[in-house]
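Asks: what would the 3D arrangement of this be:
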Amino acid sequence: MEMLKKIDRKMVITILVFLLALLFIFPFVWMISTSFKYELDVMEFPFRLFPKNLNTSNYAKVWTSGNFTTYYRNSLFVTSLTVMGDLILTSMAAYSFARLKFRGSKFLFSLYLAAMMIPTQVLLLPKYIIFGKLGINNSHMALILPGMCSIFSIFLLRQFFMSIPNDLTEAAKVDGAGYFRTFAQIILPLAKPGLVTLVLISSIWSWNDYINPLIFLSNDHLFTLTVGLQRFQESNGTSYAIIMSGAVCAVLPVIIMFIAFQKQFVASIASSGIKG
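Replies: Numbering: from 1, shown residues only. Presented below is the predicted three-dimensional model:
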């Protein structure tokens, strides 16, 4: 009887999770399906998973009309530099907190974690004033510089570095390796899953960032894809099929990246844990 109850409980949980998964994935399925439809077929009821008449011209219109190509190029540029800077700077900072012993390291790290609780909206005005004095408002540097050193990224890599056996660091020290050589030749090769996770998370955050481009950019040719999609939607009115085609093009790089690095992402979460 107890075995049957466990099986029944698992079946109920599985069915509920499956229904929730369908609920969450439906908007994405509708978006892809709509992007291949003609405007007359967009609002048809009941909903067709596969369009009755396949229309691929929507994607051609997306790339040839308006400034969508410029928005896309700006997002690629900002995301690439942001992720590259975040990977370099935060990996060195995380190594310092995880392996180097210096006075006040625990207090400084606690201060870093406390800063994570400050809402992003509170920092918009101070950043706008500072960037204005630096002369980088209305430029991509206003988006790139703040994203090149993320507190969460430092925390993530620190936890991962701490999961690497300390004996390896000590052995390198005995062999005469300095801090930077140990970091470059021992720690980083063993931290590939963590670094891939950082690249994935940082890329998604930078690619999907909406509030910062909206605040710090004013020229249309500088807009990234998130703000550009809003302008693209305004210019296309109620042409939902074209708008959904643009949305599919916008989320496609993130989905491809997640699928490509899914194994490393899971390995990082499983191995890093919450040590330290």
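Asks: going forward, measure contacts between C-alpha atoms and count neighbours the same way
Replies: OK.
Asks: what number of residues lie near Leu111?
Replies: By other Cα atoms under 10 Å, the residues close to Leu111 number 11.
Asks: which SSE is it in?
Replies: helix 105-115 (DSSP states H and E).
Asks: tell me how many other residues crowd Gly66.
Replies: Look at Gly66: counted by other Cα under 10 Å, it has 15 neighbours.
Asks: give me the element it is part of.
Replies: Short version, using DSSP H and E: Gly66 is in no helix or strand.
Asks: also the one 5 residues further on?
Replies: Mapping Tyr71 onto the secondary structure by DSSP H and E places it in helix 68-99.
Asks: so what does that helix touch, helix or strand wise?
Replies: Packing contacts for helix 68-99, counted by 3 or more Cα pairs under 8 Å, 6 or more residues apart in numbering; DSSP states H and E, involve helix 105-115, helix 141-147, helix 151-162, helix 192-208, helix 225-236.
Asks: out of these, which comes closest to Tyr38?
Replies: When the helices and strands packed on helix 68-99 are compared by Cα to Cα, helix 225-236 sits nearest Tyr38, at 14.3 Å.
Asks: send me that closest one as PDB with only the CA atoms.
Replies: Coordinates of each C-alpha in helix 225-236 appear next as PDB, following Å, rounded to 0.1, in the frame of the first residue of the first chain:
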ATOM      1  CA  LEU A 225      17.900  45.200 -28.900                       C
ATOM      2  CA  THR A 226      15.700  45.400 -25.800                       C
ATOM      3  CA  VAL A 227      14.900  49.100 -26.300                       C
ATOM      4  CA  GLY A 228      15.100  48.700 -30.100                       C
ATOM      5  CA  LEU A 229      12.400  46.100 -30.000                       C
ATOM      6  CA  GLN A 230      10.000  48.600 -28.400                       C
ATOM      7  CA  ARG A 231      10.700  51.100 -31.200                       C
ATOM      8  CA  PHE A 232      10.400  48.300 -33.700                       C
ATOM      9  CA  GLN A 233       7.000  47.400 -32.200                       C
ATOM     10  CA  GLU A 234       5.800  51.000 -32.300                       C
ATOM     11  CA  SER A 235       6.800  51.300 -36.000                       C
ATOM     12  CA  ASN A 236       5.000  48.100 -37.000                       C
END
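Asks: and it, how far out from the chain middle?
Replies: 20 Å (Cα atoms, centre = their mean, to the nearest Å).
Asks: name the nearest residue to Phe161, ignoring sequence neighbours.
Replies: Ala98 (6.2 Å; Cα to Cα, 6 or more residues apart in numbering).
Asks: if you tally nearby residues, what's the number for the one you found?
Replies: 21.
Asks: ok, now Asp220?
Replies: Applying other Cα under 10 Å, we find 13 residues neighbouring Asp220.
Asks: mind checking how far it is from Gln230?
Replies: 12 Å (Cα to Cα, to the nearest Å).
Asks: quick one: common contacting residues for these two?
Replies: Common neighbours of Asp220 and Gln230, counting by Cα atoms under 8 Å, 6 or more residues apart in numbering, are absent.
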